[in-house]
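# just the structure for this:
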Amino acid sequence: MKKAVALLISLIAVFTLWLTACSSENGGGNSTVPTVPTIPSKPDDGNDSSSDTPTESGHSILIAYFSLTEVISEGANASSSATPYVGNTESVAKEIQKQIGGDLFKIQTVRTYPTSHSECSKIAEQEMRENARPELSSHVTNMDDYDVIFVGYPIWWYQEPMAIRTFLEEYDFSGKTIVPFCTTMGAGISQSEGNIGNICRNSTIVKGLSLSTGRADNSSAVGNWLKQIGLL
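Numbers count the residues shown, from 1 in each chain. Have a look, this model is predicted:
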């Protein structure tokens with residue numbers, strides 16, 4: 001009888017140890033993993049940046065974006081033409097700047113893309129299949145001054161336009177934080193996030209923001225996202 005009781009106690013002890021080990025491997029306990037990586041406040045190292053005054057977060061922020069903008073020709077009939085149209089991605093970039101500050105930079109290409117969705121889509125598909133690197137006509141001369149770089153773009157063929165890859169490959173982003181954001185007619189941002197991570201392997205890629213094309217007001221969505229990633 002005593003042997004049976006001793007054996008039962010031993011089995012209970014072994015089972016308890018097994019449960020503890022499994023709980024540890026599967027993330028048991030009170031620890032949690034954040035679903036959205038956050039950007040910690042930048043410590044004051046006593047060095048002044050040559051860029052504009054850092055934002056309230058302590059970071060020197062660049063908001064780079066690629067956006068198609070349809071501009072109404074000068075002298076157009078006001079009754080038949082709207083005021084100059086600001087591209088969807090550009091409007092989001094300006095909303096980000098409005099809420100947290102930072103410097104705006106428009107990624108521009110030598111090639112002019114048509115504003116027609118069908119025509120632009122054909123070119124985007126061709127560039128994607130050729131793994132092209134469209135030549136840029138605008139360049140950041142003081143990239144070293146920034147530690148957080150927002151990168152905005154429309155989704156073309158389920159990913160970022162190839163001009164974004166040209167931009168990312170032009171600079172050394174080692175040690176910097178890259179924050180993607182996109183406007184889209186349906187496809188999400190996850191594929192482009194992975195592509196950006198493959199190019200900028202020595203950078204921190206923060207969970208990006210995806211907004212539907214044509215939204216009338218992005219202020220709340222942008223604000224909530226900026227709070228999630230620790231910049232607001």
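# buried sites along stretch 118-131?
Applying a neighbour-count criterion of 16 or more other C-beta atoms under 10 Å, the buried positions in stretch 118-131 are Cys120, Ile123, Ala124, Glu127, Met128. (C-beta placed from N, C-alpha, C; glycine too.)
# tell me the mean pLDDT over that stretch?
Regarding stretch 118-131, the rounded mean pLDDT is 93.
# extract the C-alpha set from it and format it as CSV.
Extracted as CSV, the C-alpha positions of stretch 118-131 are listed here (Å, rounded to 0.1, in the frame of the first residue of the first chain):
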residue,chain,number,x,y,z
SER,A,118,-5.8,51.1,-65.9
GLU,A,119,-2.8,52.6,-67.7
CYS,A,120,-0.8,53.0,-64.5
SER,A,121,-1.6,49.4,-63.5
LYS,A,122,-0.1,48.0,-66.8
ILE,A,123,3.1,49.9,-66.2
ALA,A,124,3.2,48.8,-62.6
GLU,A,125,2.8,45.2,-63.6
GLN,A,126,5.6,45.4,-66.2
GLU,A,127,8.0,47.0,-63.7
MET,A,128,7.2,44.4,-61.1
ARG,A,129,7.8,41.5,-63.5
GLU,A,130,11.0,43.0,-64.6
ASN,A,131,12.1,43.8,-61.0
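# contacts for that stretch, please.
Counting by C-beta atoms under 8 Å, 6 or more residues apart in numbering, stretch 118-131 makes contact with Leu68, Tyr113, Pro114, Ala132, Pro134, Trp156, Trp157, Gln159, Pro161, Met162, all of which sit outside it.
# if you set the cut-off to 7 Å instead, what comes out?
Residues from elsewhere that reach stretch 118-131, judged by C-beta atoms under 7 Å, 6 or more residues apart in numbering: Leu68, Tyr113, Pro114, Pro134, Trp156, Trp157, Pro161, Met162.
# one more: stretch 173-180?
Under the contact criterion C-beta under 7 Å, 6+ apart, stretch 173-180 has outside partners 39, 146-151, 189, 192-193, 196, 200, 202-206, 208, 229.
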